[in-house]
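Novice: turn this into a structure:
(chains A and B)
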Amino acid sequence: MKALFRFLAKYYSFFLFLLLEILSLVMVYNFNSYQKARYLNSSNRITASIYNSFNAVGNYFRLASVNERLARENAHLKSLISDLPYIKITPYSVINRAEITDSVYRFISARVINNSVDKQYNYITLNKGRKHGVKPDQGIVCSEGIVGVITHVSESYSLGFSVLNKKWGASAKLKSNGTFGPLSWDGKSAEFANLNGIPFHVPVAPGDTVVTSSYSSVFPEGVMIGTVYSVEQPPGDNYYNIVVKLAVNFRALSFVDIVENLKKNEIVTLERNKTDD
Amino acid sequence: MIRYLVKYGVMFVSLVLVQVLILNQVQFSGFFNPYIYVLFILLFPTNSPKYAILILGFILGFVIDVFTNTLGVHSAATVFIAFIRPGILRLISNREDDRGDFPGLKQNSPGWFITYVVMMVFIHHFILFYLEVYTFSNFFTTFYRIVLSTIFSSVVIVLSQLLVFKE
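Specialist: Got it, this is the predicted structure:
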């Protein structure tokens, strides 16, 4: 026993190293596989408020371009309203679009307080949280197109995967003929993503528009994703390799909207009942 | 003692803030990710107890992890370089010359310091980047990112020693 203690005392630093290293690897494994770490991410109060206050400084320098983008979006929305005189729209309140798409979406506007584009798994931290009605699995969009999906929510902040995250892919379709497939990101460039699962018999050409499909309850149907950049027919395969140029500039994100599908629970319950049969 | 506590405490906080608020926000491309917070481990006095550098290394990595949503990745890499540091120091030092307790640029020759920085940063980045991608597929793409980022981080670290921490 004494010898054991002496042994441990002599090599304690090695055992301490082993312990800390195993602890780290367990955290890597858990975070990668389960999304368990609910508090230990950048949406917790301390890290988010540090990001938030620092972000206020950076925002000053982006005001001009943000202004311009908002003006453009405003003009676009005004032109839409003139087409739909019978729908009353108030900014970011319940927009009843039942007349158009048969589902109801609510938009919560948020500011991006932290964002990365050059990691393999990129996340976005937003300054809206549970008390503003944000929940996991809500979509994030901006005026140019889809941005990501919420994964973690704290009291006043939230965290989400951006499109530039290898763990997540949106359901996309070609606007021209409605063929759908999963969108994925290969971890290389912040400007491009890949569209998979489009068979050879479907005509695809560079420049075609790619939008969200109606098969997901995260985004409204038809939100812009990007345009086809290049198309390849890999030999011995049945599906194209399509590279999509993303519409959103992820390096300059500042204001986004969180999309809540008010009928999501109904859809999920319905689908769950079906699989139980 | 108190003086060192304050000095290394300030260094810890400022390195984390510089890393998280400045360097992580500067996005050149996926191939350059400078991580300079390892400077804390590099400059830690060599006569301090082994458990101190291991535990502080873990805390440092963990704080960076929480900010960057990469739980465990930075901790693992930082604890590893904290553990192998005595070995690296022995490897690159001659027995004849008298190394003080501080492995900084001021106390040592520039050539020695650059070798030390590059070796430590490379090992740190090697573990960090492969754990981050969590796969060995695209081995060489990741390796290329490691090499470029190591060069970039090392340059920033050596420059920071010339400018800021001159004392």
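
Novice: report the secondary structure state of A:Pro234.
Specialist: coil (DSSP: H, G, I helix; E, B strand; the rest coil).

Novice: contacts only, for it.
Specialist: With contacts defined as C-beta atoms under 8 Å, 6 or more residues apart in numbering or on different chains, the neighbours of A:Pro234 are A:240-241. Glycine gets a C-beta too; all of them are placed from N, C-alpha and C.

Novice: please report phi then psi for it.
Specialist: phi -70, psi 130 (degrees, to the nearest 10).

Novice: for residue 52, give me its contacts.
Specialist: In the absence of a named chain, chain A is used. Taking C-beta under 8 Å, 6+ apart, one finds A:113, A:127, A:157 in contact with A:Asn52.

Novice: that was the other one, I meant chain B.
Specialist: By C-beta under 8 Å, 6+ apart, the contact list for B:Ala52 reads B:Phe44.

Novice: before we move on, back to that, and chain B, which of the contacts of A:Asn52 contact it?
Specialist: The overlap between the contacts of A:Asn52 and the neighbours of chain B (C-beta under 8 Å from any C-beta of the partner chain) is empty.

Novice: quick one: which of those has the most company?
Specialist: Within these, neighbour counts (other C-beta atoms under 10 Å in any protein chain shown) peak at A:Tyr157, which reaches 28 neighbours.

Novice: wait, that one sits on A:Arg130?
Specialist: No: using C-beta atoms under 8 Å, A:Tyr157 is not in contact with A:Arg130, being 9.1 Å away.

Novice: re the thing from before, dump the contacts of A:Asn52 into CSV; add pLDDT as well.
Specialist: Shown next, in CSV, are these (pLDDT from 0 to 100):
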residue, pLDDT
A:Ile113, 89
A:Asn127, 89
A:Tyr157, 91
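
Novice: out of these, which is nearest to chain B?
Specialist: Closest approach between those and chain B, by C-beta to the nearest C-beta: A:Ile113, at 11.1 Å.

Novice: shaky segments in chain B?
Specialist: Counting by pLDDT under 70, the ranges of chain B that qualify are B:27-31, B:95-99, B:164-167.

Novice: which ones are touching the residue of it found nearest chain A?
Specialist: For chain B and chain A, the shortest gap (C-beta to the nearest C-beta) falls at B:Gly72, measuring 3.1 Å. Under the criterion of C-beta under 8 Å, 6+ apart, the neighbours of B:Gly72 are A:23-31, B:65, B:131.

Novice: please repeat the previous calculation with a cut-off of 7 Å.
Specialist: A:24-25, A:27-28, A:31, B:65 (C-beta atoms under 7 Å, 6 or more residues apart in numbering or on different chains).

Novice: what of A:Leu246?
Specialist: A:163, A:191-193, A:225-226.

Novice: out of the residues you listed, give me the two with the largest separation.
Specialist: Spatially, the most separated pair among the contacts of A:Leu246 is A:Glu191 and A:Ile225, at 12.7 Å (C-beta to C-beta).

Novice: more neighbours, the two?
Specialist: Taking neighbours as other C-beta under 10 Å, A:Glu191 and A:Ile225 compare with A:Ile225 leading, 27 against 17.

Novice: run the chain-centre distance for whichever helix or strand A:Arg111 is part of.
Specialist: A:Arg111 is part of strand A:105-115 when elements are defined by DSSP states H and E. Distance of strand A:105-115 from the chain centroid (C-alpha atoms, centre = their mean, to the nearest Å) equals 11 Å.

Novice: tell me how far stretch A:160-175 lies from the chain's centre.
Specialist: That offset, for stretch A:160-175, works out to 7 Å (C-alpha atoms, centre = their mean).

Novice: endpoints of it, how far apart?
Specialist: Terminal residues of stretch A:160-175 lie 26 Å apart, using C-alpha to C-alpha, to the nearest Å.

Novice: where's A:Ala252 relative to A:Arg62, distance?
Specialist: 7 Å (C-beta to C-beta, to the nearest Å).

Novice: cool, and B:His125?
Specialist: From B:His125 to A:Arg62 the distance is 31 Å (C-beta to C-beta).

Novice: so between these two, which is more surrounded?
Specialist: Higher neighbour count among B:His125 and A:Arg62: B:His125, with 27 against 15, using other C-beta under 10 Å.

Novice: that one touches B:Ile151, doesn't it?
Specialist: No: between B:His125 and B:Ile151 there is no contact under C-beta atoms under 7 Å: 10.0 Å.

Novice: the most centrally placed residue in chain B: what's it in contact with?
Specialist: Residue closest to the average C-alpha location in chain B (C-alpha atoms, centre = their mean): B:Val38, at 2.0 Å. B:Val38 makes contacts with B:78, B:81, B:120-121, B:124, as judged by C-beta under 7 Å, 6+ apart.

Novice: hmm, which of these are the buried ones?
Specialist: Listed as buried from the contacts of B:Val38 are B:78, B:81, B:120-121, B:124; burial here means 16 or more other C-beta atoms under 10 Å in any protein chain shown.

Novice: near chain A, which residues of chain B are found?
Specialist: With C-beta under 7 Å from any C-beta of the partner chain as the criterion, chain B comes near chain A at residues B:21, B:24, B:27, B:29-30, B:33, B:50-51, B:54, B:58, B:66-67, B:69, B:71-73, B:75-76, B:79-80, B:83, B:131-134.

Novice: now the buried members of those residues.
Specialist: Using 16+ other C-beta under 10 Å, the buried members of these are B:21, B:24, B:27, B:30, B:33, B:50, B:54, B:58, B:66-67, B:69, B:71-73, B:75-76, B:79-80, B:83, B:131-133.

Novice: nice, that's everything, thank you.
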